[in-house]
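Asker: sequence isn't available, so here's the structure alone:
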């Protein structure tokens, strides 16, 4: 099925009143969870209401789910000037635990987005060690990707990155894709045995402009990349929050706009896309600015994640 544009009016607002719903994850059983700064995660129900689960603490950012149905949470510490550990919450038992607070002698200050492979490795970006937002987005290459393996060992597996953000694994798990927010692009890494990565390479073109201090740029042209997600046809969807836009890099390298709301009245700073439902065509859109999650229908099914297989 071709990747067609989704009109703004096709989305509905759900979970209104939620606090900074950066990301959404949908379980195999259909349960929907979102980031929320007032708890570990919030569960969103079919009628659009939500319930906060687990303790408040940290700044939940990107979330994902392991094969056991536990939610892995990346805490973006720079948001509240706190630590940025990798945590896990079990909706079944209510257990909330810190998996990793540092790696390779470096403390985690801005864990951003976790992805989990079929072997149980958790790959996660630590975006920056900057203390403020202006510093974080000034192009400094102080971000890195780390891995936490099932045996408890961990390593920095890629570094020198410009605010690494959302990530996705290809269906065959040969490639790890990572958005570089202050690079306005996406890089990909070959996944090597025993939880390692090969050198990074740009995937697709630069996706827009970056704004210098005092520079006036039409926000629709801004290319700061955030969350990414792969659909079943291999299109890599990339969120451009400053432009209120989501584009997709097709396998042939061509970039198409999937949805765009110049006013930001509905699609307001989109940060992540997630697929769910029986046909994996229910589309959820998280945000760093809106106090709601968007739900719509995707023209293409999402690529099933580990917890949805």
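Answerer: Happy to help now that I have it. These figures come from a predicted structure and were not determined experimentally. Residues are numbered from 1 along each chain as shown.
Asker: ok, and the closest non-adjacent residue to residue 198?
Answerer: residue 190 (3.6 Å; C-beta to C-beta, 6 or more residues apart in numbering). In this view, the C-beta of every residue, glycine as well, is placed from N, C-alpha and C.
Asker: tell me the contacts of residue 267?
Answerer: The contact partners of residue 267, by C-beta atoms under 8 Å, 6 or more residues apart in numbering, come to 8, 11, 244-246, 259-261, 285, 294.
Asker: for the residues you listed, could you give me TSV that also reports secondary structure, neighbour count and distance to residue 208?
Answerer: Formatted as TSV, the contacts of residue 267 follow (DSSP: H, G, I helix; E, B strand; the rest coil; neighbours: other C-beta atoms under 10 Å; distance: C-beta to C-beta, whole Å):
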residue	secondary structure	neighbour count	distance to residue 208
8	helix	17	19
11	coil	20	22
244	coil	25	12
245	strand	24	9
246	strand	27	12
259	strand	23	15
260	strand	18	12
261	coil	19	16
285	strand	27	18
294	strand	26	21
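Asker: can I get these in a markdown table with pLDDT and distance to residue 93?
Answerer: Shown next, in a markdown table, are the contacts of residue 267 (pLDDT from 0 to 100; distance: C-beta to C-beta, whole Å):
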| residue | pLDDT | distance to residue 93 |
| --- | --- | --- |
| 8 | 98 | 40 |
| 11 | 98 | 34 |
| 244 | 98 | 39 |
| 245 | 98 | 39 |
| 246 | 98 | 35 |
| 259 | 98 | 37 |
| 260 | 98 | 41 |
| 261 | 98 | 39 |
| 285 | 99 | 29 |
| 294 | 99 | 30 |
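Asker: please report how far the residue nearest to residue 210 when sequence neighbours are not counted lies from residue 224.
Answerer: The shortest distance from residue 210 to any non-neighbouring residue, by C-beta to C-beta, 6+ apart, is to residue 184 (5.5 Å). Distance, residue 184 to residue 224, using C-beta to C-beta, to the nearest Å: 6 Å.
Asker: residue 176 now?
Answerer: Note on residue 176: its distance to residue 224, by C-beta to C-beta, is 20 Å.
Asker: so which residues of the stretch 101-250 of the chain form helices?
Answerer: 133-136 (DSSP state H, counting those that start in this stretch).
Asker: in the lowest-mean-pLDDT helix or strand in the chain, what's buried?
Answerer: Every helix and strand in the chain was compared by mean pLDDT, DSSP states H and E; the lowest is helix 133-136, with a mean of 82. For helix 133-136, burial by neighbour count (16 or more other C-beta atoms under 10 Å) applies to residue 136.
Asker: same question for stretch 95-113.
Answerer: Neighbour count says stretch 95-113 has 96, 99-100, 103, 108-113 buried, by 16+ other C-beta under 10 Å.
Asker: how close does the nearest residue to residue 101 once chain neighbours are set aside get to residue 21?
Answerer: Excluding the flanking residues, the one nearest residue 101 by C-beta to C-beta, 6+ apart is residue 85, at 4.4 Å. As for residue 85, its distance to residue 21 is 20 Å (criterion: C-beta to C-beta).
Asker: comparing those two, which residue is more hemmed in?
Answerer: Neighbour totals were compared for residue 85 and residue 21, and residue 21 leads with 30 against 20 (other C-beta atoms under 10 Å).
Asker: which pLDDT value belongs to that one?
Answerer: Note on residue 21: pLDDT of 98.
Asker: check the one 3 residues further on too.
Answerer: Residue 24 is assigned a predicted lDDT (pLDDT) of 98.
Asker: for it, give me its contacts.
Answerer: 32-35, 44, 63, 272, 274, 284-286, 293.
Asker: one more time with 7 Å
Answerer: Taking C-beta atoms under 7 Å, 6 or more residues apart in numbering, we find residue 24 in contact with 32-34, 272, 274, 284, 286, 293.
Asker: rewinding a little: I'd like the buried residues of stretch 95-113 as CSV, with pLDDT appended.
Answerer: Below are the buried residues of stretch 95-113 laid out as CSV (pLDDT from 0 to 100):
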residue, pLDDT
96, 96
99, 97
100, 97
103, 97
108, 95
109, 92
110, 94
111, 96
112, 97
113, 98
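Asker: I'm done for today, thanks for sticking with me.
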